[in-house]
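K.L.:
Build me a structure from this.
(chains A and B)
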Amino acid sequence: MTERAPECCLDLRGTPCPLNWVKTKLRLEEMEPGRRIEVIVDQGNPERNVPRSAKMEGHRIVHAISQNGAVRICIERAEESAP
Amino acid sequence: MERVYFDHAATTPTRPEVLQAMLPYYTEHWGNPSSLHLEGVAALEGVERARTHLATLLGADSDEIVFTGSGTEADNHALAGVAHALGDKGDHIITSAIEHHAIHDTVEHLGRVGVRATHLPVDEAGLVDPDAVRSAITDRTILVSVMHANNEMGTIEPIAEIGAVCRERGVLFHTDAVQTVGHVPIDVRRMNIDLLSLSAHKLYGPKGVGALFMRDGVTITSYVHGGGQESGRRASTENVAGIVGLGEAARLAGEEMEQETAHTSGLRDQIIGGILGAIPDVLLTGHPTQRLPNSASFCVAGIEGEALLLDLDQEGFAVSTGSACTSGVSEPSHVLLALGLPPDIARSSIRITVGRGNTAEEVDRLLEVFPRIVKRLRDMSAHRPALAERVPHD
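P.N.:
This next block holds a predicted model:
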């Protein structure tokens, strides 16, 4: 079975922490529960910060793939985000 | 006495919903948005959510919004920033004769550092001719700045056409949209706008916060230097609660613009019809139809606008006049003089701008009081000119 593709993509390369997570969060808020977004972040702190913050708010990290100096993170929106 | 506020072009009351959205950013989320910890992130979330709301209202991307301390600051930032950034390409700015002082005085200031300016005239309704913009552009022109709507007489300028001319000639286009954002539909892409200034307190947001839209790809020199906030485009720790208020005001305005416009334009037309119908020698200033939905402005021949304002104030009505009283001498407005009005007629201006909270009953009360005050002031005046013979379009 092939993995369900994300519905939208947010390129956050060059966007520092924590702005990359805040932009991700605002986009997740616009999405229906269960929908997926792919965010592309820089390696280093962003690749740790964005998934960690997403998980803290109850979202699911589907995968994180390093590619050409960046990281593609697929996040599935939670049914109910933590406040 | 119950007060009636008819001066919404000066400022609007902060909506309760806007205040409610702001309060947590004083009491709970008071962190610095530049801080990396959770307290900082909570404040940053408020700022970025507001940026998204405002961008949606303008048809822009959120990264194209720069928050400022006011509309005036945004105007200064746009003009000085372009003049500085493009100084090696040219030294000529085109603007109009009816701009707000935030533009007019900034252009004058830039003149002291070698920037030349062309002030385009307007017709008797206050309109700038897009063809006149085309004719005024030279190979030294770096910016055209024409306001979206005039604050004194309410005329809405053909900025989409002016923007198209600028785009065609490769010149940046800025518009001061302080009076229109939240009241008139704006689409920065369709209108060919490169830079746009706005202020929160004109759309039921708080005072002390504004924004500058900067189209992606437009680079201007920062106006305030320091900590690198706003992606290096405007330093200063953000006015977080104010920005949140602007964002909420923008969100509400976008949702309710259609019904609010129907409400305010109905009241505006009631005022215009009532005053023109009841009082002789009164001139509606500005364009008869292409005008702000909330703005009615008149010249009432034979009296000082300020005297009329003060008498209306005593009767419980807050309105405005275009003339500014300095040392007891009333100075006619540069905007009304630009329409070709004689100075004494320009001194007789009165502006009535309605808002979402006003009612038809309040307008009825104004229309009862207004003719009585005008008659009394005219009776006191030794001289009452025949307006019809003295204005350019009669």
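
K.L.:
Output the set of residues of chain B in proximity to chain A.
P.N.:
By C-beta under 8 Å from any C-beta of the partner chain, the part of chain B that sits against chain A consists of B:36, B:40, B:41, B:44, B:45, B:48, B:49, B:52. Every C-beta, even on glycine, is put in place using the N, C-alpha and C of the backbone.

K.L.:
so where's chain A uncertain?
P.N.:
Applying pLDDT under 70 to chain A picks out residues A:1-2, A:81-83.

K.L.:
Output the contacting helices and strands for the top helix by length along chain B.
P.N.:
Assignment by DSSP state H gives helix B:240-278 as the longest helix of chain B. For helix B:240-278, the packing partners by 3 or more C-beta pairs under 8 Å, 6 or more residues apart in numbering or on different chains; DSSP states H and E come out as helix B:16-22, helix B:24-27, helix B:38-58, strand B:282-284, strand B:295-300, helix B:360-380.

K.L.:
rewinding a little: okay if I get the residues of chain B next to chain A as a markdown table plus pLDDT, neighbour count and distance to residue B:93?
P.N.:
Shown next, in a markdown table, are the residues of chain B next to chain A (pLDDT from 0 to 100; neighbours: other C-beta atoms under 10 Å in any protein chain shown; distance: C-beta to C-beta, whole Å):
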| residue | pLDDT | neighbour count | distance to residue B:93 |
| --- | --- | --- | --- |
| B:36 | 92 | 14 | 41 |
| B:40 | 96 | 16 | 39 |
| B:41 | 96 | 21 | 41 |
| B:44 | 97 | 25 | 35 |
| B:45 | 97 | 22 | 38 |
| B:48 | 98 | 20 | 33 |
| B:49 | 98 | 21 | 35 |
| B:52 | 97 | 20 | 32 |
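
K.L.:
of those, closest to residue B:162?
P.N.:
Proximity of the residues of chain B next to chain A to residue B:162 (C-beta to C-beta) peaks at residue B:52, which lies at 28.1 Å.

K.L.:
pretty sure residue B:162 contacts residue B:130?
P.N.:
Yes: with contact defined as C-beta atoms under 8 Å, residue B:162 counts as touching residue B:130 (4.9 Å).

K.L.:
thinking again about what came up before, got the buried residues for the longest helix of chain B?
P.N.:
B:240-254, B:257, B:260-261, B:263-265, B:267-268, B:270-272, B:274-275 (16 or more other C-beta atoms under 10 Å in any protein chain shown).

K.L.:
Check whether stretch A:5-15 comes near chain B.
P.N.:
No: judged by C-beta under 8 Å from any C-beta, stretch A:5-15 makes no contact with chain B; its nearest approach is 9.4 Å.

K.L.:
thinking again about what came up before, more neighbours: residue B:162 and residue B:130, which one.
P.N.:
residue B:162 (28 against 19; other C-beta atoms under 10 Å in any protein chain shown).

K.L.:
and the more buried one, what is it in contact with?
P.N.:
By C-beta atoms under 8 Å, 6 or more residues apart in numbering or on different chains, the contact set of residue B:162 is B:128, B:130, B:133, B:144, B:146, B:173.

K.L.:
Okay, the second one and chain A: tell me how far apart.
P.N.:
What that stands for is residue B:130. 37 Å (C-beta to the nearest C-beta, to the nearest Å).

K.L.:
So which residues of chain A form strands?
P.N.:
A:8-11, A:36-42, A:60-67, A:70-76 (DSSP state E).

K.L.:
Turn these into JSON lines, columns for mean neighbour count.
P.N.:
Shown next, in JSON lines, are the strands of chain A (neighbours: other C-beta atoms under 10 Å in any protein chain shown):
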{"stretch": "strand A:8-11", "mean neighbour count": "14"}
{"stretch": "strand A:36-42", "mean neighbour count": "21"}
{"stretch": "strand A:60-67", "mean neighbour count": "12"}
{"stretch": "strand A:70-76", "mean neighbour count": "21"}
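
K.L.:
Quick check: which of the helices and strands packed on helix B:240-278 is buried the most?
P.N.:
strand B:295-300 (a mean of 28; mean count of other C-beta atoms under 10 Å in any protein chain shown).

K.L.:
relative to helix B:240-278, how tilted is it?
P.N.:
Strand B:295-300 and helix B:240-278 are oriented at 50 degrees to each other (axes from the mean of the first three to the mean of the last three C-alpha atoms, to 10 degrees).

K.L.:
Which is the succeeding secondary structure element to strand B:295-300?
P.N.:
helix B:305-314 (DSSP states H and E).

K.L.:
got the contact list for that following helix?
P.N.:
With C-beta under 8 Å, 6+ apart, helix B:305-314 has contacts from B:299-300, B:318-323, B:325, B:330, B:347-350, B:366, B:369-370, B:373-374, B:376-377.

K.L.:
now with 10 Å?
P.N.:
Contact partners of helix B:305-314, identified using C-beta atoms under 10 Å, 6 or more residues apart in numbering or on different chains, comprise B:1, B:3-4, B:6-7, B:298-300, B:303-304, B:317-325, B:330, B:332-333, B:336, B:346-352, B:366, B:369-370, B:372-374, B:376-377, B:380-381.

K.L.:
Model confidence for the residue in the stretch 101-250 of chain B that chain A sits nearest to, exactly?
P.N.:
Nearest residue of the stretch 101-250 of chain B to chain A, counting by C-beta to the nearest C-beta: residue B:231, 9.0 Å away. Listed pLDDT for residue B:231 reads 89.

K.L.:
So it sits against residue B:48, correct?
P.N.:
No: counting by C-beta atoms under 10 Å, residue B:231 stays clear of residue B:48, with 11.7 Å between them.

K.L.:
Quick check: neighbours shared by these two?
P.N.:
Joint contacts of residue B:231 and residue B:48 (C-beta under 10 Å, 6+ apart) are residue A:19.

K.L.:
Least confident secondary structure element in chain B?
P.N.:
strand B:324-326 (a mean of 55; mean pLDDT, DSSP states H and E).

K.L.:
how about residue B:264, what does it touch?
P.N.:
B:8, B:183, B:292, B:293, B:294, B:295, B:353, B:354, B:355, B:356, B:358.
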